[in-house]
Every structure is written in C-alpha cells, then in structure tokens.
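1. Got a sequence here, can you model it:
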Amino acid sequence: MSDILSIGAGAAQLYRQSLATVSNNIANLNTEGYSRQVATSTESMPSQQGTVFIGTGARLDNITRAYDEFIESSLRDSNSDLSTQEPMISYANRIVDLMGSQTSGLSSALDKFFATASDLSADPASTIQRNMFVRDAEGLASRFRELAGHLGAIETESQSGITLQVSTVNTLTKQLATINTQLNGKISIAKQPAGLLDQRDQVLRDLSDISKIHISEAPSGEVSVRLGSSSGSLLVDGKKSVDLGVSFDANDPGRVDIVMDPFGDPRAASTVSSGLLGGLINLRSQTLGPAMDGFDYLAQTVVKEINAIHTSGLDARGARGTDLFQIDAVFDVTSPTVSGDATLSIEVTDPAAFKFESFEVRWMATDSKWRIQDGATGAITFATPDSTGFAHAGLNISSAGTLSDGDTFTVEPRQRPAAGFRLIQDDPLAIAAAERLRVMPSASNLSDTKVTLEYGQVSDFTGFASGTDIYTLGNNPGIAAGVATTASNIEPAFIIPKGADKVALMMEVPQDSTTRFQVMTHEGVHVLGHGIDASTQAALMSGDAAFGTADAYSSTYLNATGTDAYQDLDMTYGFLASSIQQNGFVANAAGTGMVAQVTTINAQVQTAAVRLQDNVSGTTIDLIAADSLVLNGQSLSALTLATNTKSSAAAMATWLNGATSTTGVTATASNVIRSTAENIDLTQQVKINNVLIGGGAYPADIEALSTAINNQTATTNVMSYVSREGGLVVTNAPGFEGENIVLSNPDATSATNALGQANDTYVGSLQLDSADKVRFTFGTNGVPADLAVLGLRTGVYMNGSADEDLAVFVTGAGSAKIAAGFTAPDATTTVADEPPFRIDFTSSTTYTITNTGTDTVVANRTYVVGEDINYKTLTLSFDSAPVTGDRYVVDGNQDGIGNNGNMLQMVALQDKAVLANGRTISDGYIDLVSTVGNKATLARISQDALQVVYDQAVQSRDQVSGVSLDQEAADLIRLQQAYQASAQIIQMSSKIFDSILGIR
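-> Numbers count the residues shown, from 1 in each chain. This is a model prediction of the structure:
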C-alpha cells in the first residue's frame, strides 16, 4: 500500500507544481518579455522485486522556458531594422512641412523678391518701388535665417536624441553585465532561473531597438554583445561593459562620431547603421546634413549671384552698386559659469579681420575689463568696453544683464551661411537698378542686327602659359641682379603683369650679340621691339596658346610714342633717363621767410665701360652703323674706327657731342683706374702706355709711386693721386680725358703690375647730360649690341600701367642677362577690365576692337557667324550676322542711371540656370524639399515592409514563447484532472490500508 501511496503522493506533488507553472503563465500573460514556462516530468527510478521491476511513479524534472534562439535573434534584427525608419520618417516629414510650407518656406519669399524687382524694373526712378524692393530683400534674408533656425533646432533635437540613445545603451550594457554576473553562478543554462534569462533577453531586445547587435552566448547563458556584426565593437564581455560616447561637428551636421570608452581609452566605434541610434545617425548624414548643406549652398549662391548683379550696376546717385547681402558667421555662446542673467551679443563688423576661431571671454569686475583668450593659440588680450561693447578680431561684442566677476563665455563660430544671411544695403537710393555699361549700334549701320551685352563674365584671356612674371626677378634693375636668359623665337621669356608701373626691364648683351626684346599683347599687337618678317611673326605667336592666329599680328603701334603709342602708354625701347623736378624752399627776396621753389635736376647718365675694339682690318669700320641709334629723336651718324686704332670713350664722346645741337645731350669721357692699398704691390714695376714708371726703380711707398707716375705725365698723358682710403687713382691727364690706358709689366712672367691691376688696355666710360632727357631708341638696323658699344644696357621702359598682361620675348641667338625694376600695384588695387571700346566689322568675317578711350586698335579678329564676341569680361551676342561697316560702341552708362537694365538682369536671375544641371534658384530649393520628401516616402515604404517582417517575427516568438490563454486553459483542465486522479490514488491506498487494518 505504501508504494501506491507514495506514487499517488508524488503524482499529486508533480501535478500541483505543473498547475502552479500554468498558473504562473496565466498570471504573466501581459508581462513584457515573459517567456512561457513548461514543467517537464520524468519517470522515477523503478523498484526491483525479485526479477520484476515495479514502477515508483513520476517526478518533476525541470521547469524550462519555451524558447527558440533563432526566432529570438530574428526578432531582434527585425526590431532593429524597423526602428531605423522611425527617426527618418518623423524628422524628414517635419523638414518637408517646414520647407514646403507656403507661409514659412523659401519659395514664397523668392517669388516676392523677384516680383518686387520686376516692379522696380518697370519704374526704376520710383522711391516707393525702391523702398518695397528693400523691404522684400530684407524679407528674403529673414526667411533664410528663419528656416536655418528651424533646421538648426531639428539638428539640435536629433543631437539630443543621439546623446540620449547612447546614454541608454550605456545603461543597458551595465544591466547586462550585472545579469551576466548572476548567470556566471551556474555552469549550464539549463540550471538558470527562467526569469533571469527572460530579463537578459529583454535587455538584449531593448539594445536591438537602439542598434543592431551581435550576440555570442556561453554555456552558462552569459552573453557577449558587439555593435552590428560579429566584427563590431565589443560592448559587453562577460561581467565587463564598455561605455559609448558621441561627438558632433558644429560645422558638419552630417558627421557623428561614436566613440568607445570615451573617458578611458577612447577609440572609434564600429559603424552604427540601424536601430533608433542608427536611424538618427542616418537621418543626419543622409537627410538633415545634406539638406542643411544644400540650403547653405543655396544661400551662398543667392548672395553671390544677386551681389554680382547688384555690384555691376549703377544706383540712383550714379555710383557703382555695392553688395546687397552679406553672410555673417553664426556663434554658439555657452556660459556654464554664469549664474545670473548676463548674455553676450556678437556682430561681425570687419569680415576681413575676422578669424574663424573660438575664444573665451571672462569679465574682470575689479578692472572693468574683459579677458579674452584665443582658443587656438592661447594668447590672452584685454579689452575695456564702452557703451557699444568692445572690439575683437573683426567683431563687436556687447553684453546685456548684470555681470558678475568671473562670468565666462565660450564663443564658437559656426559656418552656417543661411543662418548668417543678412541685408546690408537698406538705402533705397543705393539700389543699383541701372546698367553700368551699354552697347549702342552706330546710326549708320547697314544691318538691323540687335546686340546684347553681358558683363562680369570670365575673362576671355586668362594669362600666358609660358613666361616668367617680372615680379619674380626682384625689384632690382642693377647689373649685378641680371638673370641669364636664353633667347627664343617661340615662347615669351617674361610677362609684364597688368597694373605694373614704372617698369624698367634691362638687358645686358655680349659684344656683337643679336639678342633683342620684342613686346606683344596676347591679341598680337607688337608694342615694342624690332620689325619682324612674316615667318618670325608666326613663330612668336605659335608657342603660347594665349596668342591668336598669326594673321592677327599688327605692328601699327610698334615703338610709337605719345598719342600714337599703344593705349597712349609712355613706353621706350632702348635707353631712357629723364630729368626730375625737386621741391624745396629758399629764402625770399627780403630775407624774412621761405618760399617754395621747384628745381629741375638734369638727366644724367654714367655708362659702364665702353666696348674695346681693335681695328686690324686695314680699312675703316663702323662700330655703330649710321641711323642705327636715335638720340632724343635725332638719328645719329656712323661711329667709325680707323684702321690700326682702338675704340675709346674719348672718341665716342666726340662722336656724340657732334650732334649736341640737335640732341641736347652732352657727353663727357673719363677713364679712371682705382687700386686699393691692399692690392698695390711695390715689389713689382709698371708700364703706363708703354712707358716704364720710375725708370725701373722700386718706390718706397704708394705716395712715391704716385709721384713717379706724375713725373712722367708728359709722356704717358696719365696722372695719379692717393685716395682718402690710401689707395691710388690713375686717370687721364687734362686734354686726354677718356683715352685708353695701357698697363703692363716689364716682367713678362707676371700677369699683374705694381698697381695690382691686370696687364691690359683699360677703356673709359661716358657721362651723358641733358636738361630734358637722354633717350636712345633704335633705327631700322639698330640692335641692343649697338648701345652696348657705348656701355649702355638696353631696356623696356613703361611709365604708367597697362590694363593687360604684356608678353616679352628675348629673340635672336645666344643669351642675355635680364634684370627688372617696377612698382607693383597694391593688393587692394584693381585694374579696370571694362574700358570703353567699339567693334568695327571690316568685313563679314573680320572685325577690330578699338579702345575708344585711347583710340587704340587692340585686336584684329576673325568673326564666325553665330558666335559671341568676348572681350575681357564682356560678351556681345548678335541676333543675326553683322555686315561690313557695322559698328557697335560699348561705354559707361553715366548719363543713363534712370534705366532699368541692371534690375532686368536681377529679374532674369529667377529663370537663370546658376546651379548644377541647369537648375535655377527656385528649382534648387524645390529639389532640396523633394529630396527630403523622397527620403521620408522611402522610409515610410520601408517601414511598412519591415513592419510585416517584424510582426511575423513577433508572431513566431509568440507561437513558441508567448502565453496563450486557450493553451493554458486546456493545460489547466488536463493537469487538474491528473491532480484529481492522483488524489484518488491516495484515497484508494488509504481505503486499502483501512481494510487491512480491519481484518481481525
């Protein structure tokens, strides 16, 4: 009986526990994360009685969770994917509602601005229309700032959302590490409490809602968690969790950096691309960031395009228009130490001085000063505020509220152009409605061709491909500064940049050199140099793509002067020295005061040593051919050298002085040999002009040597004296100035003599004087080598600046040394690119461009029917082909400030393709809104699809782990019946036992 009783009692206990499990399932029907528990039983060990095994009943084996790890993993992944879409849908729809609104969007402000511009173009003289234009321009700027502010608020909100999600991840990983610690107490997951495992799985599901994770499970049920995939960053490893951190770039909203262990060993975390955190990051990188960047770019484009038009016109006062809009920096001001109501306001007052760097300001109440510390360098400065604040690095900084000692503000500039969009021209009369240039067909034109003018275009000439900028030579025209330059008939050697003034480009050539300068414009106008044949013309214009075709070559202005010169420039090719006027003061006639006096200082030139040439030909030769040189407009006769004679400065002075009456130039020759005391060698002898000085006796000192030389002046025609420095100066005797001096040594083995000079013939130099100028130019056959005979270098001189680059060729053979002097324009100086000009069609296929300010033909070009004409930054378009004789004049619009041409260009901007892919400003804005809307739509479609996947995963989990009342009710009835049956067994065993006790 006891066996039956124990079996019944064990069964009752088993089914009581099973009923408790079912009851627990029913009780936790709505408990989040609860997994249905299942009580499993097993047969008790049978009892052997003889050869028979008798069953002993059943016992409770375990209470386990209804769990499928693959379904659980699928649920986590689908949850991550679904959560990814929510931020995109929520925020993207807000952006679309904001930017696409008729009242708050940009489209209405743009339409209103251009409509007002159209109204002003219809009545440009109306002050009312000008005021309305200013009003709507301010409205446009304000709308940009408002939208930028709303986008900034969304950016801040998403930033807070990311920070919150990262904080939540850190909380969950710490919880998971704690659960792992508890799970570590048992070696098998089968022995773990089901509730603890449910708690673990719920934390994992919460983590997967924030980011997709990869799980590795130990036999005990402990888990390791990585971000994303199996190769992702490790968040939880057993009992240890690693915190996440996040950083943002104030100037790049699309950039979000997730950092592992930010306060320990910081390192970049693996990419987070799903879950709520991934969705927020994707929102910023794929939608919000591009939208803000695109909106900022649109703001920059609007400012650039509108300012370009506005600055190209004339205002109501006839002045050039100024910028209409400006983009200021935006500042983030934080004040963690400020407890009162003090605030800072910052305004950019000098954009050029503003440095885009953070800084910190601290109020020093004792001194009533601000302490300013540069965030980049740490440099500290101090500023005392006035009623308007204080200035710092191009900013005006003012405070409001009550300041306390030590109040500190950190200022961080941000590059958000749309937020800094500002109207800076609020004077109605300063609105530039009129065009600054106009094009007028001649009344005598034979065709009815209409022409339109566009300006502010990219210049048709962007520079020469070859040639060295003369600025690189250094501003030193001296002989010692010369740079060796090889002659070339193909490419320019140097470029004289537009705006360069007082240019002197000097050439030093060897004897009999054929090297020479040629100066040309890129249009093929030969400005300075020598006449060249057709083949040379073609060669010069072939080596650099900046030149036009060879048939554009023109020598009309070659070496011309005055009003006949190219662009009326004061230029000289040859040699030039001018007199100067000096202002000073002298005593008046009464001796009672000073009066101003202008003194003219003559032009004076000291040449280098003239060229020495020995004529052994047996006949008279020309050192300089007749008419090769022109001095002050007077062609010079030939400089000849008789047979068996040598050239000398004296002979050249005589030659030049023969033309003084017509040239106004006086030449004085001299020949001076200077020996320093250190170089003089009194142990040697010297012959001067083949006369042995001192009869061969060695002088005791330098003074004695000088005396010996002077004792023989009558035969040598040379005299000497001791210089202040103690050296010796040897020169010609009076009446023999400029004659050659021959030095030699009786000792044929010595290369030098007592003067310490080389044994050689020494030639003199010339001093040229003129009350006006000394100006050498070249005749038909003259070359730089002719000037070199006189000890002069050849130069290109330009007094005044050209409005275009000039190419300088060094042609001929061999090389020359080139040096330059110049005055470079200031960095703030601009050279006008819009001179008045006219276009004359010399035929149906050719035309000339003439600068009407100087009456200079600056270009001879070929015309192709249907093509525009580009000149500098201007473009002329024709509606039909002009004919021979047609003329079009482009000039300033100073007498037409009431016209509407510039405002018409402003109106036309509305339909102008200024963005990529031929999009207008309005198109660009609509594209921005559409792109965000498309993102929201795609996210909604993805969410709908992923919702189905997630619902299926939830359903699959519920089928396995979820509590079903129907199933639990059935189990309850089944177990209740089993429990009642177990009670019947116990009751039966009791009756049997009582029956046994009743037997007597």
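
2. Run the chain-centre distance for whichever helix in the chain runs longest.
-> Identified as the longest helix of the chain according to DSSP state H is helix 127-183. Its chain's C-alpha centre and that of helix 127-183 lie 29 Å apart, by CA atoms, centre = their mean, to the nearest Å.

3. What residues sit buried inside the helix or strand just after that helix?
-> Later in the chain than helix 127-183, the nearest helix or strand by DSSP states H and E is helix 194-210. Within helix 194-210, the residues that qualify as buried are 194-195, 197-210, counting by 16 or more other CB atoms under 10 Å. In this view, the C-beta of every residue, glycine as well, is placed from N, C-alpha and C.

4. which helices and strands sit right next to helix 194-210?
-> Packing partners of helix 194-210 (3 or more CB pairs under 8 Å, 6 or more residues apart in numbering; DSSP states H and E): strand 58-65, helix 69-99, helix 127-183, strand 213-217, strand 223-227, helix 275-282.

5. Can you lay out those as CSV showing mean neighbour count, distance to residue 644 and mean pLDDT?
-> Below are these laid out as CSV (neighbours: other CB atoms under 10 Å; distance: least, CB to CB, whole Å; pLDDT from 0 to 100):
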stretch, mean neighbour count, distance to residue 644, mean pLDDT
strand 58-65, 16, 129, 71
helix 69-99, 20, 98, 85
helix 127-183, 19, 89, 92
strand 213-217, 18, 107, 87
strand 223-227, 22, 102, 89
helix 275-282, 27, 98, 90
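
6. between the ones you listed, which gets nearest to residue 969?
-> Residue 969 sits nearest to strand 58-65 of all the helices and strands packed on helix 194-210, at 19.3 Å, using CB to CB.

7. Let me see the domain layout of this protein.
-> 2-66+962-997, 330-414, 437-459+833-892, 604-789 (automatic domain parsing).

8. from memory residue 726 sits against residue 677, does it?
-> Yes - using CB atoms under 8 Å, residue 726 is in contact with residue 677, at 4.2 Å.

9. Including distance to residue 591, could the domains of the chain go into a markdown table?
-> Shown next, in a markdown table, are those (distance: least, CB to CB, whole Å):
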| stretch | distance to residue 591 |
| --- | --- |
| domain 2-66+962-997 | 114 |
| domain 330-414 | 53 |
| domain 437-459+833-892 | 50 |
| domain 604-789 | 30 |
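
10. and those, which one is worst for confidence?
-> Between those, the one with the least mean pLDDT is domain 2-66+962-997; it has a mean of 73.

11. Pull out the buried residues from stretch 838-849.
-> Under the neighbour-count criterion of 16+ other CB under 10 Å, stretch 838-849 has 838, 839, 840, 841, 847, 848, 849 buried.

12. which residues are contacting it?
-> Here stretch 838-849 makes contact (CB atoms under 8 Å, 6 or more residues apart in numbering) with 523, 837, 850, 852, 857-865, 869, 871, 876, 881-890.

13. try stretch 652-671
-> Residues from elsewhere that reach stretch 652-671 (CB under 8 Å, 6+ apart): 610, 631-634, 636-637, 639, 648-650, 731-732, 737-741, 762-772, 774, 789-790.
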